[in-house]
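>>> Curious how this folds, go ahead:
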Amino acid sequence: MKWVQLLVVLLCIAVFAVVVGHHYREPIRDISLAVTDVVRERRKADLRRSNACRTPEETIRIDGGFVCRGEVAAGPFRSIFDEYPALSGGRDQIYGDVVRGSVTEADKLLQNVVPVDRYPDFEWTSGITWGEGIPDEPYWQYLYFGFGPMRHLFAAFEDTLDPIYLLKVMEIVLNFSDEGSAEPLAWLDSHAVAFRSLFLVKTWWKMREYNLISYEDSEAILRLLVRHADYLADPNNAELSYTRGVNQSAALMLIASNFPELDHGGAWARRASEHLEQSVRLVVDQDGVLVANSPYYHFNALEKLWQIYTFSVAYGPRLSDEFGASVHRMLFPATYLLKPDRSLPLLGASTARRINYSGLYRELADAEPGLLYVLTDGAKGIRPSEKSALFPSSGLAVLRSGWSAGSSDVYVAIDVGSYRTNHSDLDALSFVLYASEDLIQDAGLFTYGAGAEREYFHGTRGHNTVLVDGRDQFTGDVDIGDFVVSDDYSSISASHRLNPGVTHSRSFTLIRDRYLLIVDNLVSDEQHEYRQLFHLGEGVSTTVEGATLHVGRDGRPLMALHQLDEVGLEILVTTGQTDPIQGVCSQSFGTAYECPTAEFIKRSDSAVFVTLIEIGTPDPTLVLQIEGGVVSARTRDSNLTINYAISPRSDALGELTVDWDEPELTGHDPAQPESDPSVVIVFDDGYRSILPAIEVMRRQGFAGNIAVIADRVEGRINSYLDVPTLRSIQDEYGWNIVNHSRHHVPAASYHDGPIGLEGLANDVMSGARFLIENGLNSAPNWYIFPFGSHDFATRSVIGRYYQLARVTTRGDAAVPLANPLAVTTVSSDLVRFVDGVDIRWFLPVEEMIALVGQAIGQGRSIFVTFHRIRSLENDPPGYELTDFETFIDYLAAEGIRVRTLSEFAEYVGYGPPVMVLNDTSIQIEIDVQYEKRSGSWIRTMFGL
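Sure thing, here's the model as predicted:
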């Protein structure tokens, strides 16, 4: 054959291969995958057969395989071992990521080197140990005691089918059963216990599938699972107001679903269902947004909750349709949260992540047409009907220029929400801006550990808002104004009083894909320094021209920030500053990089910033003017007029007014006994551990009082009661909920603080506002001083809003009260300084009974204060439940009256006050007229 003929034949073969490959690509791929699966299943079967029993007498046939054991006593552990199938059928795990990992990291574990995410590798130098590592680092403890590194071993086995990885899993589990489970650190974090439970269930099934588990080891794991399930079923260990609580309940569901024959199996299933139903109501708000105010955690929780619900449908216990609807509701805000490149904005405690149309997200997107549209760049699904969205419960707003395919749209995500959890940042009215790349970014997360880095990344300085006097905002509420979406623009305004003595109002207006107008109005009676902050993209260049900051990359213009109100304006660009930290950003935990930060500075009592961000290449024909409340932007092609109006000023500390009648004080003679003395029981701080004590009191018909720290409840801080539980205790049991401040800072410490007693007033009012807005202000006369700290000046501040206050000074509450703003108490727990160390000491119940008996016997009322209650072995230190029950039984047996705070106030002559919240806020109203000038396309074509 001549070379020309050979070339033609080869060309024909190539064309044929291309044509066949094009038409039969999917079938060929399917055949290839099927062949691979057959080979893999054969290797699995060979591995199972290779682990034969030593004698036929030890072999027990089960569905799908066999197990080996000798003679053992009958019982649930033997029944499970003998009767369960070899394969789990998919019920061995709820979360897919428990088996995602790296062979490289697994090989480290084979050498006793433990890879712990975010931390340096940890080596077991003398065998597996549970008492070393980084015991003072809570996140390390969670990963280590939650068996996080084990995922690499499971992943490596799935990749290689080498049983050496499973044998290492078993070695670790059995060592934990024998030694690690006795370590207090193993039970300190409920979240770690939950994930450890997930791995234990996976271990039992996977070892069983390949007959790598003896009966004795099976029983050891099952006994360990019983202990874990009992722990997770305990309400004291259930953090239902957090996504952590979701994982804890999911782990309990997994154990109950897989091993219902174990003791308490049915109770575990019921408790898991109850907790999950309650958790989803607490962690997902009515807009479908996770209350953590973090896009990263929203998607993380969405994945977890979706998998929990689908597991419950497949294997039980079946969760309600309401649960499923709540999870489905999270898909709508997820659609808007994604930036045009499908990455997440770094609002709140978020790290960088991009969501793709693969794996679990195929299933999620198929359930929400808008999300499907976004994840497929418009190839599938339905375009969202509105280009911008506000989720008012969370205070998340997203302004977009449109829904074009690809990543060309302009995107603005704004935090106009209140501080809700410890995953929130001090970033009220902050935002991020995306246009083909991150033009204005958030500083990110970086760390949870205390220190200068945490103060920066979590604090106001690390966000794109206005920093007042270099200090962080308070945690508190934001008032949302108008939200407008039209063909040409989207706009939102909001305001807050989270800086002492300052009211900050801000509006954002996105006009098409070209302009973002930000108006800041700051009002105060005193001089302040205001810094308007913009954290720019990594590696950008900046140039100042008059009152305009130009931002570019590699000679290409990205945007221009025009300051239209130049009065008293200074411009500063800070990069990589270390003291105080500024110009530093982070997209992954523990890793930071320099990011130039624009600072526009004004110093005055009140200030206005009018900032027009021109996105893309600056238009040389742009003419900007500002006059009064009118901004005009004229170019050769368009006219833009924006009217903004600022509402009248209100008092920054005038949020709460109190009106009360003069008390009709009882005419008790201090020298004479009271006619009806009583005991008032107050639980300071509102720990969840007091729930068993509440039941003890309820059985005797007694009602008590809970002193609530607002930011612990709003922030869903570990181990504190949540709003629904507090409301139930108040409304159903007749208890009082009382203000214990917002931040639990000693009142006297405000003397030395940067804002003095004004900070105390704000703290007190903010706590009251929380109670009023949540329908919990059932002891409106009373304030409970944090730590009992008080003096004449701080009592004077409290006296503006309250008639009565309790301190921690020891004494009774004889009527008439010696000092209504310093009512004394008997504390159940004290801190004593012994040999140079603070030791928490609990009052013996016999002494408590003696003190109360003496006071009541002499006709004097008395207050008794508790904090935590310790009812289980693993509980933190607290007053023993058995001693508390002895005390309550004593009160009941002696017929001693127990009053709530409001009942006691009425008893001594104080009527209920009228508290009024002044919700007037300063908002910025926006009106936009945008006109595309006729003939502009002709001028553009001919360069006119």
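>>> Direction included, what does the helix or strand encompassing V551 pair against?
Secondary structure assignment for V551, by DSSP states H and E: strand 548-553. Next to strand 548-553 in the sheet, as set by DSSP bridges, lie strand 541-545 (antiparallel), strand 556-563 (antiparallel).
>>> Quick check: buried residues in the last one?
Of the residues in strand 556-563, those buried by neighbour count under the rule 16 or more other Cβ atoms under 10 Å are P557, L558, M559, A560, L561, H562, Q563. No exception for glycine: its C-beta is placed from N, CA and C like everyone else's.
>>> Which member of those is positioned nearest R69?
R69 has its nearest neighbour among the buried residues of strand 556-563 in L558, at 69.2 Å by Cβ to Cβ.
>>> Surely the closest one and D438 touch.
No. Taking contact to mean Cβ atoms under 8 Å, the distance of 10.1 Å between L558 and D438 leaves them out of contact.
>>> Quick one: residues contacting P85.
For P85, the contacting residues are I62, D63, G64, G65, taking Cβ atoms under 8 Å, 6 or more residues apart in numbering as the criterion.
>>> ok, and the closest non-adjacent residue to it?
D63 (3.8 Å; Cβ to Cβ, 6 or more residues apart in numbering).
>>> all strands of the stretch 301-450 of the chain, in order?
For the stretch 301-450 of the chain, the strands defined by DSSP state E, counting those that start in this stretch cover 389-391, 396-400, 410-415, 431-435, 438-440.
>>> and of those, who's closest to F842?
Comparison of the strands of the stretch 301-450 of the chain against F842 by Cβ to Cβ identifies strand 410-415 as nearest, at 43.0 Å.
>>> residue ranges with poor pLDDT in the chain?
In the predicted model of the chain, residues 1-10, 12-37, 135, 647-672, 715-718, 752-756, 831-840, 874, 914-921, 933-944 satisfy pLDDT under 70.
>>> domain parsing for it?
Each structural domain of the chain that the record assigns through automatic domain parsing is listed here as a residue range: 1-50, 95-222, 234-385, 389-628, 678-917.
>>> Between the strands of the stretch 301-450 of the chain, which one is closest to V908.
With Cβ to Cβ, the closest approach to V908 among the strands of the stretch 301-450 of the chain belongs to strand 410-415: 45.4 Å.
>>> List the strands paired with that closest one, with their directions.
Looking at strand 410-415 with DSSP bridges, its partner strands are strand 396-400 (antiparallel), strand 431-435 (antiparallel).
>>> most packed of those?
Per residue and on average, the most neighbours among these fall to strand 396-400, with a mean of 25 (mean count of other Cβ atoms under 10 Å).
>>> which residues are in contact with that one?
With Cβ under 8 Å, 6+ apart as the contact definition, strand 396-400 has outside contacts at 287, 289, 293, 333, 336-337, 340, 347, 387-391, 409-417, 483, 490-492, 508, 510.
>>> could the strands paired with strand 548-553 be laid out in a markdown table, adding distance to P85?
Putting the strands paired with strand 548-553 into a markdown table (distance: least, Cβ to Cβ, whole Å) gives the following:
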| stretch | distance to P85 |
| --- | --- |
| strand 541-545 | 64 |
| strand 556-563 | 60 |
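>>> Surely Q532 touches V608?
No. Shown here, Q532 and V608 do not form a contact pair, counting by Cβ under 8 Å, at 10.5 Å.
>>> okay, and the common contacts of the two?
Overlap between the contact sets of Q532 and V608, as judged by Cβ under 8 Å, 6+ apart, is given by D520.
>>> Can you get me the start-to-end distance on stretch 394-413?
Across its full length, stretch 394-413 reaches 13 Å end to end, with Cα to Cα, to the nearest Å as the criterion.
>>> buried ones in that stretch?
Residues 394-401, 403, 407, 409-413 are the ones in stretch 394-413 that count as buried (16+ other Cβ under 10 Å).
>>> What is the nearest of those residues to D927?
Proximity of those to D927, judged by Cβ to Cβ, is greatest for L399, which lies at 16.4 Å.
>>> what about that closest one, distance to E386?
According to Cβ to Cβ, to the nearest Å, L399 and E386 sit 11 Å apart.
>>> I'd guessed T421 sits against D285; true?
No. The pair T421 / D285 is not scored as a contact, 11.3 Å apart, by Cβ under 8 Å.
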